[in-house]
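Participant: Quick one: sequence plus predicted model below, questions after.
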Amino acid sequence: MRAAIEGVDELKPLPPALLDGLARFGDMLLEANDQFNLTAIRTPEGVARLHFADSLAPLNAEPAFADPGRAIDIGTGAGFPLIPLAMALPHIRWMGLESTAKKCSFVSKASRELGLRNVRVENQRAEDAGRGDLRGACDIATARAVGPIASLIEVGLPLLRTAGILLLWKMRSAEEELENALDLLDQMGGEALDPIFYRYPEDKQERAIFRIAKIKPTPAIYPRRNGLPFRNPLA
């Protein structure tokens, strides 16, 4: 795993300790994946670029990462971008939300074995979290490849305090999707900021991390009950 990481140009500026941590996590993931089918990416090279480098793409480009605070990863899956960002940003307290029990269990165990004291994982849906004690509790929310932009706006913004930021990993082609959700964004108390664009050698199109600031409180009726934001997006 370490050799695969060292072969990715986007990961070369990272500190050796972080590279070591990523290599350990990658080994855990590939071993567990044979039993639990945690990710469709099954090679060290794929994990290094498509999981690790992609998770860390906003690391030096997102101003919100500079300050201590509380962050939440929606639909963390096998731990992306949660674990790489928690390793790189130990001054931020991270929570992962994951509704699939086996994935939640894996990420919890990996966090403990990696000694990540700034990570907590909850087996629950974002809709429940946004209607419970996590509403308005976070400075940063992240979501990587887990649903339509309109759905993620509805479940993500309620989790943020005013002035918090929602980061959505997408392809650049999703700009039209965001454009179609601007009225919803205003209704939910959000505002689109300049996105982060990047590309890997094998990509046919640019990738994007869409940045959404919460500028006013989200109406109390959102998010809707479990499943509705993703089954029936508002935009």
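Facilitator: Cool, got the structure.
Participant: Can you give the strand pairings for the strand ranked longest in the chain, parallel or anti for each?
Facilitator: Using DSSP state E to define each element, the chain has its longest strand at strand 160-171. Sheet pairing of strand 160-171 (DSSP bridges) gives strand 138-144 (parallel), strand 207-214 (antiparallel).
Participant: So which of those strands is the most surrounded?
Facilitator: strand 138-144 (a mean of 25; mean count of other Cβ atoms under 10 Å). (C-beta placed from N, C-alpha, C; glycine too.)
Participant: continuing past it, what's the next helix or strand?
Facilitator: Remark: after strand 138-144, the chain's next helix or strand is helix 149-156, criterion DSSP states H and E.
Participant: Which residues does that next one contact?
Facilitator: If you take Cβ atoms under 8 Å, 6 or more residues apart in numbering as the criterion, helix 149-156 is touched by 74, 126-127, 130, 141, 143, 146, 166, 168, 170, 174, 177-178, 180-181, 184-185, 188, 190, 210, 212, 222-224, 229-230, 233-235.
Participant: Those residues in helices, which ones?
Facilitator: Ala126, Glu127, Gly130, Glu177, Leu178, Asn180, Leu184, Leu185, Pro229, Phe230 (DSSP state H).
Participant: related to what we said a few turns ago, please check the contacts of helix 149-156 and keep the buried ones.
Facilitator: 74, 126-127, 130, 141, 143, 146, 166, 168, 170, 174, 177-178, 181, 184-185, 188, 190, 210, 212, 222-224, 229-230, 233-235 (16 or more other Cβ atoms under 10 Å).
Participant: before we move on, which element is Gln35 in?
Facilitator: Gln35 belongs to helix 16-36 when assigned by DSSP H and E.
Participant: what is the rounded mean pLDDT of the helix or strand following that helix?
Facilitator: For helix 16-36, the following helix or strand on the C-terminal side (DSSP H and E) is helix 44-46. Mean per-residue pLDDT for helix 44-46: 96.
Participant: What of stretch 29-39?
Facilitator: The model assigns stretch 29-39 a mean pLDDT of 94.
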